[in-house]
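Trainee: Give me coordinates for this.
(one chain, ligands or ions: 1)
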Amino acid sequence: MIQKNVSLQSYNTFGIDVRATHFTKVSSPDEFRDAIEKDIQPVLILGGGSNMLLTKDWEGLVIKNDFKGIEIEEEQDNFAIVSVGGGENWHEFVLWSLSRNMGGIENLSLIPGTVGASPIQNIGAYGVELKDTFVKLEALSFETGRKNTFHLEDCKFGYRDSVFKKDLKGKYLITKVYFKLTTKNHQINNSYGAIKQVLSDKKITTPTIQDISEAVIEIRSSKLPDPKELGNSGSFFKNPEIEKPQFEALQKKFPNLVFYELPDERYKIPAGWLIDQCGWKGLRVGNTGCHAQQALVLVNYGGATGNEVWKFAKKVQQSVKKKYGIELTPEVNVF
Ligand code: EPU
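Mentor: Below is the predicted model of the structure:
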């Protein structure tokens, strides 16, 4: 059923109050085909609404992905293949896996959003990315209404990137994602400094996947605001990557430059650090601003419009460009 003139405020974690002229939830291929048959354009696909900034009313159709269900498809000695509906909440799936002692996604605890959205930007945190446990996904085509399967190599995963952000943007609704999770001999990834710190504070020397998840939850809750309390979309910008000559010149000028060395003589500079150094951290302008614990997170203090946030983001972008000569690109999708 297609509803008319629906507020999207509760459907985006920034809490921006815009309206959709047409809105529907789909939980089966038939519902999907019914929805697209009416040919109401343009279409916006909505998962958890946790990685978007809405700057205007949506004059078209909003489709909320509501495909549900978690199933163990296959069990081997050391691993299981699990399929998850695209509309399932990501963190609830992580908790489900931990309760069955299945490993591989514990570092991705507490990431907001849905399972169907997770491959689109190859979600990642604390040394792990979605692609590390991804097997394949099923998606419905807006062109044909039919199901297609995409395997790991088809998805062209990169840092916060996939084919679904590029050539296939807006062309598919992701209905089911398959993961390969370990059932014993879990690969613990505690390489990230903050995780090591929490574990050592708790005197845990041989962490379980549950310990890792708890540490991640502790770190994330201390830095990242809960969207239920303060509207936000996590990291607003991507961490920029620069080439060696630019890096060396910058390091000369700013000896305190924070960076991570990448292969091929490239360097990643944390956007949060750059924004912080430009003096934005904790700064509020009107109803928006930079979070006090993590400058990379822009927040809605209540009543902010999407344009207000976007204008603020552009100011932040300009000041980083002016001081460091680095162009920040949004990690969130701006509509
Ligand atoms: N930093 C500052 N000031 C700040 C924020 C960060 O100086 O206000 C410095 C930190 O001290 C640290 C560095 O910047 O040296 C990196 O900060 P942090 O470890 O918090 O991680 P991040 O690079 O800002 C990325 C992801 C997060 C993910 C964390 C942990 C991106 C764009 N963001 O953040 O992902 O949770 O690493 O792995 O890659 C998201 O995508 O929405 C997200 C939250």
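Trainee: Lys315 - that's part of a helix, no?
Mentor: Yes: under DSSP: H, G, I helix; E, B strand; the rest coil, Lys315 sits within a helix.
Trainee: Correct me if wrong: Ile16 contacts Asn232.
Mentor: No: with contact defined as Cβ atoms under 8 Å, Ile16 does not reach Asn232; the gap is 11.0 Å. (C-beta placed from N, C-alpha, C; glycine too.)
Trainee: where do the contact lists of those two overlap?
Mentor: Asn300 (Cβ atoms under 8 Å, 6 or more residues apart in numbering).
Trainee: Tell me how far Thr205 lies from the ligand.
Mentor: Using Cβ to the nearest ligand atom, to the nearest Å, Thr205 is found at 23 Å from the ligand.
Trainee: ok, now which ones touch that residue?
Mentor: Leu199.
Trainee: Not counting residues beside it along the chain, what's closest to Lys268?
Mentor: Nearest residue to Lys268, sequence neighbours excluded (Cβ to Cβ, 6 or more residues apart in numbering): Tyr260, at 4.5 Å.
Trainee: and that neighbour, how many neighbours does it have?
Mentor: Using other Cβ atoms under 10 Å, Tyr260 has 11 other residues around it.
Trainee: Asn148 now?
Mentor: Asn148: 14 surrounding residues under other Cβ under 10 Å.
Trainee: Which pLDDT value does the model give the residue of the stretch 51-200 of the chain found nearest the ligand?
Mentor: At 3.7 Å from the ligand, Ala125 is the closest residue in the stretch 51-200 of the chain, using Cβ to the nearest ligand atom. Turning to Ala125, the model gives it a pLDDT of 96.
Trainee: surely it meets Ile219?
Mentor: No: counting by Cβ under 8 Å, Ala125 does not reach Ile219; the two are 9.2 Å apart.
Trainee: didn't the residue nearest to Lys268 look like it was pressed against Phe247?
Mentor: No: shown here, Tyr260 and Phe247 do not form a contact pair, counting by Cβ under 8 Å, at 11.0 Å.
Trainee: Identify the contacts common to these two.
Mentor: Here Tyr260 and Phe247 have Tyr267 as joint contacts, going by Cβ under 8 Å, 6+ apart.
Trainee: which bits of the protein sit near the ligand?
Mentor: The interface of the chain toward the ligand, taken as Cβ under 6 Å from any ligand atom, is made up of 125-126, 223, 234-235, 238-239, 258, 270, 272-273, 276, 281, 294-296, 331.
Trainee: now those residues: which count as buried?
Mentor: 125-126, 234-235, 238-239, 270, 272-273, 276, 281, 294-296, 331 (16 or more other Cβ atoms under 10 Å).
Trainee: of the residues you listed, closest to Lys203?
Mentor: For those, the minimum distance to Lys203 (Cβ to Cβ) is 20.0 Å, reached by Tyr126.
Trainee: residue contacts, the closest one?
Mentor: By Cβ under 8 Å, 6+ apart, the contact set of Tyr126 is Asn107, Leu108, Asn189, Tyr192, Ala194, Ile195, Val216, Ile219.
Trainee: any idea how far Asn89 is from Phe134?
Mentor: Separation of Phe134 from Asn89 (Cβ to Cβ, to the nearest Å) stands at 18 Å.
Trainee: Same drill for these two, tell me which one is more crowded.
Mentor: Phe134 (22 against 16).
Trainee: Please name the bridge partners of the more buried one.
Mentor: For Phe134, the beta-bridge partners are Phe179 (DSSP bridges).
Trainee: Give me the pLDDT value at it.
Mentor: Note on Phe134: pLDDT of 98.
Trainee: cool, and the one 4 residues further on?
Mentor: At Glu138, the predicted lDDT confidence score is 98.
Trainee: for Thr149, helix, strand, or coil?
Mentor: Going by three-state DSSP: Thr149 is strand.
Trainee: I'd say it and Ser141 touch.
Mentor: No: distance between Thr149 and Ser141: 11.3 Å, which falls outside the contact criterion (Cβ under 8 Å).
Trainee: Look at those two and report which has more neighbours.
Mentor: Neighbour count, other Cβ under 10 Å: between Thr149 and Ser141, Ser141 has more, with 15 against 11.
Trainee: hang on, Gln293 packs against Lys223?
Mentor: Yes: assessed by Cβ under 8 Å, Gln293 is found in contact with Lys223 at 4.8 Å.
Trainee: give me phi/psi at Val84?
Mentor: Note on Val84: its backbone torsions stand at phi -130, psi 130 [degrees, to the nearest 10].
Trainee: and what of Val26?
Mentor: Dihedral angles (degrees, to the nearest 10) for Val26: phi -120, psi 130.
Trainee: Give me the distance between it and Gly116.
Mentor: 11 Å.
Trainee: can you give me phi and psi for the nearest residue to Gly303 once chain neighbours are set aside?
Mentor: Spatial nearest neighbour of Gly303, excluding adjacent residues (Cβ to Cβ, 6+ apart): Asn287 at 5.0 Å. Per-residue torsions, Asn287: phi -100, psi 10 (degrees, to the nearest 10).
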